[in-house]
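Enquirer: Here is a sequence together with a model predicted from it:
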Amino acid sequence: MSNLIAEEIIAAEPSLSDPAESCRDFESVGKGYWSRVPDTDWNDWRWQLKNRITTLEQIEALLPDLPPEEREGIRFANRKLALAITPYFFNLIDPDDPLCPVRQQVIPRIDESLTSPWEMRDPCGEDSHSPVPGIVHRYPDRILFLVTDRCAAYCRYCTRSRMVSNATGYDFHPELDRQIDYVRRHPEIRDVLLSGGDPLLLSDGKLDRLLERLHAIEHVEFLRIGTRIPVFLPQRITDRLCAVLRRYHPFFLSVHVNHPVELTAEVKAGLDRIADAGIPIGNQSVLLRNVNDNLEIMRALTHKLLRCRVRPYYLYQCDLIAGSAHLRSRIERGLEIIEGLRGHTTGYAVPQFVVDAPGGGGKIPVNPEYVVSQEPDRIVLRNYEGRTFEYPEVP
Ligand SMILES: *Cc1c(COP(=O)(O)O)cnc(C)c1O
């Protein structure tokens, strides 16, 4: 099987007609539909938030001939996960492409109302691993620390859609004092991952005070934030924000980019500021059907990320969140993509493919098989080209 796959991969080396090649450059999005808005407003992240697209009427005004699946999807969204798209990100939608990878991530379809029997409201079993509201403690030495239920825009496959945007009445209110107290009372916690919602929606001052309190806890060695703000709202990545974050080193940031078209000049400028503050950046992509479940697209994405000093960290199999079947790809597609990257390109460009175990088992790596056979005195391996090699084991 490996030889066959290797041949297909070699046959699929990128060419100039490759669709992924068309988004190789960091193009500026500019003001697009909002050309009459002054630059000072456009570049102000609070203006972007205030002017988000949240209603069917707004979308129909911008995208005439909206297909009924989307019109009905938008009507349904308010009962499941709110619709919100920043004007900046909305400009990335190609109105002539019904399968536009940006459109599919943020514009609801009526398929969201269909729930397959194996899909769940809380696919990673977070609520059952939550000792205090806002804390998910699943692994021995690190926790998820949720600080808000709001994001700049909402990903239609959001694993936390039960609580995020408050469309289902979950009514999440972080209790930061209790959460911080939990960290203080648990000396085994050496790594705190701030998430939500999107932590970078907090004001600079609020974020500063929160990070300061966590950083001051002796056993906390390492802080990080998971955010999609650099992609949805690059205007938020100001020098002042970076000056706050860099006070809490070692501090890492995880971003969420799924397709190379999302890496615009605006996003690159924000990522450059973060990297210049000495903050290592990782990317977490979600494997999505007809968005990025394709080797050429993923190769273009990971190469473009490295040019932004972002290390591809995880590629997630899409969680079994209710109403996400239309966006879910098969695990074997993910494995083919990893196999097509590993060895064929820079090792730093290859993310770890993981399945976050349904029900709450945590992230489980899934890898193409390179061990052909294993015996007490030798192991037979295959390389990325499908050639086999024998390695003797010490007795
Ligand atoms: C993903 C996750 C983490 C962080 O996992 P890493 O593999 O260390 O990046 C921590 N806690 C929870 C509950 C998570 O889902």
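Expert: Nice, I can see it. Numbering: from 1, shown residues only.

Enquirer: where along this protein do the strands fall?
Expert: 135-136, 142-146, 191-195, 222-226, 251-255, 281-287, 310-317, 352-356, 363-365, 371-375, 378-382, 388-392 (DSSP state E).

Enquirer: What lies in contact with the shortest one?
Expert: Residues external to strand 135-136 that are found in contact with it (CB atoms under 8 Å, 6 or more residues apart in numbering): 126, 129-130, 143-146, 179, 182-183. Glycine gets a C-beta too; all of them are placed from N, C-alpha and C.

Enquirer: now, among these, which is nearest to Trp47?
Expert: Trp47 has its nearest neighbour among those in Leu146, at 26.5 Å by CB to CB.

Enquirer: and that closest one, what does it touch?
Expert: Contact analysis of Leu146 by CB under 8 Å, 6+ apart lists 134-136, 172, 174, 194-197.

Enquirer: Tell me the residues on the protein that lie near the ligand, please.
Expert: Where the chain comes near the ligand, counting by CB under 6 Å from any ligand atom, the residues are 136, 138-139, 142, 144, 193, 363.

Enquirer: Tell me the one of these nearest Glu218?
Expert: Checking the residues of the chain next to the ligand against Glu218 with CB to CB, the nearest one is Arg142 at 15.9 Å.

Enquirer: burial of the closest one, as a residue count?
Expert: 18 (other CB atoms under 10 Å).

Enquirer: any idea how far the ligand is from Glu266?
Expert: Computed as CB to the nearest ligand atom, to the nearest Å, the Glu266 to the ligand distance reads 27 Å.

Enquirer: Out of the helices and strands in this protein, which is least certain?
Expert: Between all helices and strands in the chain, the lowest mean by mean pLDDT, DSSP states H and E belongs to helix 2-11, at a mean of 52.

Enquirer: List the beta-bridge partners for Ile53.
Expert: According to DSSP bridges, the partner residues bridging Ile53 are Ile85.

Enquirer: That one contacts Phe89, doesn't it?
Expert: No - with contact defined as CB atoms under 8 Å, Ile53 does not count as touching Phe89 (9.2 Å).

Enquirer: Find the nearest non-adjacent residue to Glu72, please.
Expert: Taking CB to CB, 6 or more residues apart in numbering, and ignoring the residues beside it in sequence, Glu72 has Ile110 as its nearest neighbour in space, at 4.1 Å.

Enquirer: related to what we said a few turns ago, rebuild the strands of the chain as JSON lines, extending it with mean pLDDT and distance to Arg71.
Expert: Listed next are those as JSON lines, based on pLDDT from 0 to 100; distance: least, CB to CB, whole Å:
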{"stretch": "strand 135-136", "mean pLDDT": "98", "distance to Arg71": "36"}
{"stretch": "strand 142-146", "mean pLDDT": "98", "distance to Arg71": "33"}
{"stretch": "strand 191-195", "mean pLDDT": "98", "distance to Arg71": "32"}
{"stretch": "strand 222-226", "mean pLDDT": "98", "distance to Arg71": "32"}
{"stretch": "strand 251-255", "mean pLDDT": "98", "distance to Arg71": "31"}
{"stretch": "strand 281-287", "mean pLDDT": "98", "distance to Arg71": "25"}
{"stretch": "strand 310-317", "mean pLDDT": "98", "distance to Arg71": "29"}
{"stretch": "strand 352-356", "mean pLDDT": "98", "distance to Arg71": "32"}
{"stretch": "strand 363-365", "mean pLDDT": "98", "distance to Arg71": "36"}
{"stretch": "strand 371-375", "mean pLDDT": "98", "distance to Arg71": "51"}
{"stretch": "strand 378-382", "mean pLDDT": "98", "distance to Arg71": "50"}
{"stretch": "strand 388-392", "mean pLDDT": "98", "distance to Arg71": "55"}
